[in-house]
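Engineer: got a predicted structure here, sequence first:
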Amino acid sequence: MIDVSREQILAFRQARQHLGERVAPDRLLEVAAMGLQNTPPTSALLAVGARLRDCAPDTLAEALYGRKDLLQFWSLRAAPYIVPTDDTPVFTTGLLPDDEASCLYLMRGAADHLRRFGMSATQSVEVTAAAVAVVLGDGSALTKDDLGVRLADHVALVLPARLRPLWDEPDGLRSNTYGQSLVRYALSVVSLRGLICVAPGEGARASRFMLTEVLLGRSVPSMAAEEARAELVRRYLRFHGPGNARGFSEWAGVAPAFARASWDLVADEVMAVAVLGRTLSLLARDAEALLTARPARGVRLLPPHDPFLAQHDKITLGRTRACIAVSGALSGIRAYCWWTARSPACGVLRSAATDSPSTWSHSGASLNGFEH
């Protein structure tokens, strides 16, 4: 076992997440390999801009809908993620529940709706997936709200007649019926089958969804379940390590038992490290990189839900969601994050932020009312 400090972990994660020096545009897929959460919309572009040289406003759009070597769909924690298309099964199949308990965990909030119809979480996913193939089978793209309405109408056709009146009753969740809410709960799991993705729609008020095969014009990449689950654990450790099964569960948004089973798949690939009095795990092949990592330099604007801010163990950020980082020390700010470390710009940034909050621009994004 090796002992590592907080500073070494910060430096390792910064390096693995490409927050040292910006990389060339042709390495976009390497940057996206850790998964880029796109909440709110366009956040992923800011995350890429913090890591890629010469990042243009259309960088992601071209990769998503031109070359189609990136894909966006609901993934970790039921959030929209952008990942390399070839990595789709890692971020879908790698999360796909293999039993009722794991499925219900991903549909938290749906238990009462399921009881009303005597339906299991697994059954609700099956009927919703079948309906998705029909409703979107003509190549159309629908918003989540419109998709929920169409899916609920289709599922109602296969329900016992005695349940249909209740299916169409308002459930008090916005203007939804019980049926519409239930299929929307199930959609986050259906997405983990690789069936649906975010469709093109620049300037649209709400994201639209379509069949993944229709967008790609080919079959969705696939991978055996155990292989995908093991690779997802490796991605977690590669970009967020050292860690443990609990941290993986929180990062991925999966049931603790499911996370532990996935974790066990890479048991012979990890080594123990001592961190602040705790024992965590690291991919054995990453030991040298951890021990030799150096702190990042320069200034970075990180959006909400940037991979670096989504740390499972709070070693990086304490209780803050966004921060200023100066030589590894972080403090909270209002909405975004400036990454700073041993840069001449730090003094100017700190002075301006303290003395006269203003608008800061970086990679086409603005930050108003910056607070130290």
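Structural biologist: Thanks, I have it. Numbering: from 1, shown residues only.

Engineer: any low-confidence regions in the stretch 201-350 of the chain?
Structural biologist: 202-205, 314-350 (pLDDT under 70).

Engineer: helix, strand, or coil at the residue nearest to Gly139 when sequence neighbours are not counted?
Structural biologist: Counting by Cβ to Cβ, 6 or more residues apart in numbering, Gly139 lies nearest to Val214, which is 5.1 Å off, once chain neighbours are set aside. C-beta coordinates here come from the backbone N, C-alpha and C atoms, glycine included. Look at Val214: counting by DSSP: H, G, I helix; E, B strand; the rest coil, its state is helix.

Engineer: begin at 57 from here
Structural biologist: Right, with 57 as the first residue, what we last looked at is Val270.

Engineer: so how many other residues sit close to Val270?
Structural biologist: Number of residues near Val270 (other Cβ atoms under 10 Å) recorded here: 16.

Engineer: isn't His169 up against Ser237?
Structural biologist: Yes - judged on Cβ atoms under 8 Å, His169 makes contact with Ser237 at a distance of 6.0 Å.

Engineer: find residues that contact each of those two.
Structural biologist: Asp227 (Cβ atoms under 8 Å, 6 or more residues apart in numbering).

Engineer: the residue nearest to Gly195 touches Leu192, doesn't it?
Structural biologist: Yes - Val270 is within contact range of Leu192, at 7.5 Å (criterion: Cβ under 8 Å).

Engineer: measure stretch 332-352 end to end?
Structural biologist: 22 Å (Cα to Cα, to the nearest Å).

Engineer: got it, and stretch 161-180?
Structural biologist: Start-to-end span of stretch 161-180 (Cα to Cα) is 13 Å.

Engineer: spell out, range by range, the strands that occur in the stretch 257-406 of the chain.
Structural biologist: 264-267, 326-331, 334-339, 354-358, 379-382, 385-388, 393-397 (DSSP state E, counting those that start in this stretch).

Engineer: actually, the stretch 57-206 of the chain.
Structural biologist: Using DSSP E, counting those that start in this stretch, strands in the stretch 57-206 of the chain cover 58-60, 92-93, 126-130, 136-140, 198-199.

Engineer: Ala311 is nearest to which of these?
Structural biologist: strand 126-130 (17.0 Å; Cβ to Cβ).

Engineer: report the distance from the closest one to the chain centre.
Structural biologist: Offset of strand 126-130 from its chain centre (Cα atoms, centre = their mean, to the nearest Å): 10 Å.

Engineer: mind listing the residues bridging to Pro140?
Structural biologist: Partner residues in beta bridges with Pro140, using DSSP bridges, are Leu126.

Engineer: any low-confidence regions in the stretch 107-256 of the chain?
Structural biologist: For the stretch 107-256 of the chain (pLDDT under 70), the answer is none.

Engineer: let's see that with 90 instead.
Structural biologist: By pLDDT under 90, the weakly predicted segments of the stretch 107-256 of the chain are 110, 230.

Engineer: now do the helices in the stretch 257-406 of the chain.
Structural biologist: 268-272, 281-296, 301-308, 312-320, 343-348, 400-411 (DSSP state H, counting those that start in this stretch).

Engineer: any chance of those in JSON lines, plus distance to Leu132?
Structural biologist: Putting these into JSON lines (distance: least, Cβ to Cβ, whole Å) gives the following:
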{"stretch": "helix 268-272", "distance to Leu132": "17"}
{"stretch": "helix 281-296", "distance to Leu132": "9"}
{"stretch": "helix 301-308", "distance to Leu132": "5"}
{"stretch": "helix 312-320", "distance to Leu132": "12"}
{"stretch": "helix 343-348", "distance to Leu132": "23"}
{"stretch": "helix 400-411", "distance to Leu132": "31"}
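
Engineer: can you check which of those gets nearest to Arg109?
Structural biologist: helix 400-411 (17.4 Å).

Engineer: which residues touch the closest residue to Gly150 other than its chain neighbours?
Structural biologist: Distances taken as Cβ to Cβ, 6+ apart place Leu288 nearest to Gly150, at 3.5 Å, with adjacent residues excluded. By Cβ under 8 Å, 6+ apart, the residues touching Leu288 are Val146, Phe147, Gly150, Leu151, Ala308, Ser318.

Engineer: check the gap between the spatially closest residue to the last one that is not a sequence neighbour and Pro351 for me.
Structural biologist: Which is Ser318. Once flanking residues are discounted, Ser318 sits nearest to Arg285: 4.3 Å by Cβ to Cβ, 6+ apart. Applying Cβ to Cβ, to the nearest Å, the value for Arg285 to Pro351 is 33 Å.

Engineer: of the two, which one has the most company?
Structural biologist: Arg285 (27 against 17).

Engineer: just checking, that one touches Thr148?
Structural biologist: No - contact between Arg285 and Thr148 fails when scored by Cβ under 8 Å: they sit 11.1 Å apart.

Engineer: what's the burial count for the closest residue to Leu101 other than its chain neighbours?
Structural biologist: Nearest residue to Leu101 in three dimensions, chain neighbours excluded: Leu116, at 5.2 Å (Cβ to Cβ, 6+ apart). Using other Cβ under 10 Å, the number of residues around Leu116 comes to 23.

Engineer: could you double-check that Leu116 sits in contact with Val104?
Structural biologist: Yes - contact status for Leu116 versus Val104: in contact at 6.4 Å, counting by Cβ under 8 Å.

Engineer: so what's the residue count around Ala311?
Structural biologist: What Ala311 shows, counting by other Cβ under 10 Å, is a neighbour count of 19.

Engineer: rewinding a little: would a markdown table of the strands of the stretch 57-206 of the chain with mean neighbour count and distance to Leu207 be doable?
Structural biologist: Putting those into a markdown table (neighbours: other Cβ atoms under 10 Å; distance: least, Cβ to Cβ, whole Å) gives the following:
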| stretch | mean neighbour count | distance to Leu207 |
| --- | --- | --- |
| strand 58-60 | 14 | 48 |
| strand 92-93 | 24 | 25 |
| strand 126-130 | 24 | 15 |
| strand 136-140 | 23 | 19 |
| strand 198-199 | 18 | 9 |
